[in-house]
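Chemist: After the sequence you'll find the predicted model.
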Amino acid sequence: MGNGTTVQDFILEGFPAVQHLGILLFSVHLLAYLASITGNVVIVSIVCTNARLKTPMYFFLGIFSFAECCFTSTVIPKLLAIFLLGKQTVSFVACFIQAFVFVFIGAFGFLLIALMSVDRCVAICRPLHYPTIMNPRTCTLLIMACLTMTFTLITWVVVKVSQLSFCGPRVIPHFFCDLGPLIRLSCSDTSSVEALTFGLALLLLLSSLTVTITSYSSIVVTIVRLPSAKERQKAFSTCSSHLIVLSLMYGSSIFIYVKPKQTSRLESNREAALMNTVVTPLLNPVIYTLRNKQVHQALRETVCRIKISR
């Protein structure tokens, strides 16, 4: 807590224009939240228990689904409380904990998306070397490296923001604590912190996007060269669901974070943030289960085992 800080809590504004529809919005978001959690938990469960899915692709997908559960659970319960009970107050410490967890898991998700694209690139472009390159040890080291780097960078920037002075306004024009709105409320000179957060967002988003674009460019070139139309269709089908999730995540996040002034477009950021916190975690299990035959088979085997055990 920086010198001169007198604010002990913040008020999350939520969506004041539609707050009179609180019960309806609570119901809609609760259903979306439960569906998202259920779908992602199902993916994690079948990846952990089904021998068919003991591959790097599903290892990354299981971690991605678990991260999505944590990500949406960081934000949505408080939003539900705002809609139903009007509980908009959050303590200073709780606000920064929420901001840290949200940004940390979100940043890790983008690095994980990049790893998943590299995995698909190796599987399609170098299939004979795939088991050697993407072995369990390599996959585990890649995940640990991403977690370590993300934790270090996000801790650094959140600590810097928490050391600013907050001595006046305490209404956050958002439905959760995010770094941009918090910086806007500070009565300190925020130019260096804004430059830091902008640089960090640029580094994480654009570096992971560059890796992803490069990987999929190689995939497209390889697929086009496949001799049969059936093989090309199968390869495109494997990657298309990944691209849908990717475009939604990057589109909304670049709109929110990759801008030098954190004070701009905060109103529209709320709507864009709903895409990342509600829509994408809900679409993730739907896309990966409805478009994947191996997941279908694993689900059927799991259901059969449950029936037999009864």
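Modeler: Sure, I can see it.
Chemist: now Ile113: how far from Asn284?
Modeler: 11 Å (CB to CB, to the nearest Å). C-beta here means a position set from N, CA and C on the backbone, and glycine is covered the same way.
Chemist: Tell me if Val90 really is in a strand.
Modeler: Yes. Val90 sits within a strand when classified using DSSP: H, G, I helix; E, B strand; the rest coil.
Chemist: mind listing what it touches?
Modeler: 9-12, 78, 98, 177 (CB atoms under 8 Å, 6 or more residues apart in numbering).
Chemist: change it to 10 Å
Modeler: In this structure, Val90 makes contact with 9-12, 78, 81-82, 96-98, 170, 172, 176-177, judged by CB atoms under 10 Å, 6 or more residues apart in numbering.
Chemist: Filter these down to the ones in helices?
Modeler: Among these, the residues falling in helices (DSSP state H) are 78, 81-82, 96-98.
Chemist: coming back round to it: pLDDT check: weakest of the contacts of Val90?
Modeler: Within the contacts of Val90, the minimum per-residue pLDDT falls on Arg170 (84).
Chemist: distance of it from Ser91?
Modeler: Plainly put, Arg170 is 11 Å away from Ser91 if you go by CB to CB.
Chemist: Among these two, which residue is more densely surrounded?
Modeler: Under the neighbour definition other CB atoms under 10 Å, Arg170 and Ser91 were set side by side, and Arg170 has more, 17 against 11.
Chemist: what sits against that one?
Modeler: 6-11, 89-90, 92, 95, 185.
Chemist: Can you select the buried ones from these in ChimeraX?
Modeler: Command for ChimeraX, covering only those of these found buried under the criterion 16 or more other CB atoms under 10 Å:
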select :7,10,90,92,95,185
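Chemist: Just the buried ones from the contacts of Val90?
Modeler: Applying 16+ other CB under 10 Å to the contacts of Val90, the neighbour count classes 10, 12, 78, 81-82, 96, 98, 170, 172, 176-177 as buried.
Chemist: what sits in contact with each of Arg170 and Ser91?
Modeler: Each of 8-10 lies in contact with both Arg170 and Ser91 under the rule CB under 10 Å, 6+ apart.
Chemist: Tabulate those in JSON lines, adding columns for distance to Thr155.
Modeler: JSON lines is the format used below for the shared contacts of Arg170 and Ser91 (distance: CB to CB, whole Å):
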{"residue": "Gln8", "distance to Thr155": "23"}
{"residue": "Asp9", "distance to Thr155": "23"}
{"residue": "Phe10", "distance to Thr155": "21"}
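Chemist: Can you tell me which of these is closest to Ile254?
Modeler: Closest to Ile254 out of the shared contacts of Arg170 and Ser91 is Phe10 (26.0 Å), distances taken as CB to CB.
Chemist: contacting residues for that closest one?
Modeler: Phe10 makes contacts with 88-92, 94-96, 166, 169-172, 174, 177, 181-182, 185, as judged by CB under 10 Å, 6+ apart.
Chemist: Can you give me the neighbour number for the closest residue to Asn276 other than its chain neighbours?
Modeler: The spatially closest residue to Asn276, leaving aside those adjacent along the chain, is Ser252, at 5.2 Å (CB to CB, 6 or more residues apart in numbering). As a burial measure, Ser252 scores 20 neighbours (other CB under 10 Å).
Chemist: Check the one 4 residues further on too.
Modeler: When counting by other CB under 10 Å, one arrives at 23 neighbours for Ile256.
Chemist: Surely it touches Asn269?
Modeler: Yes. Distance between Ile256 and Asn269: 5.0 Å, which falls inside the contact criterion (CB atoms under 10 Å).
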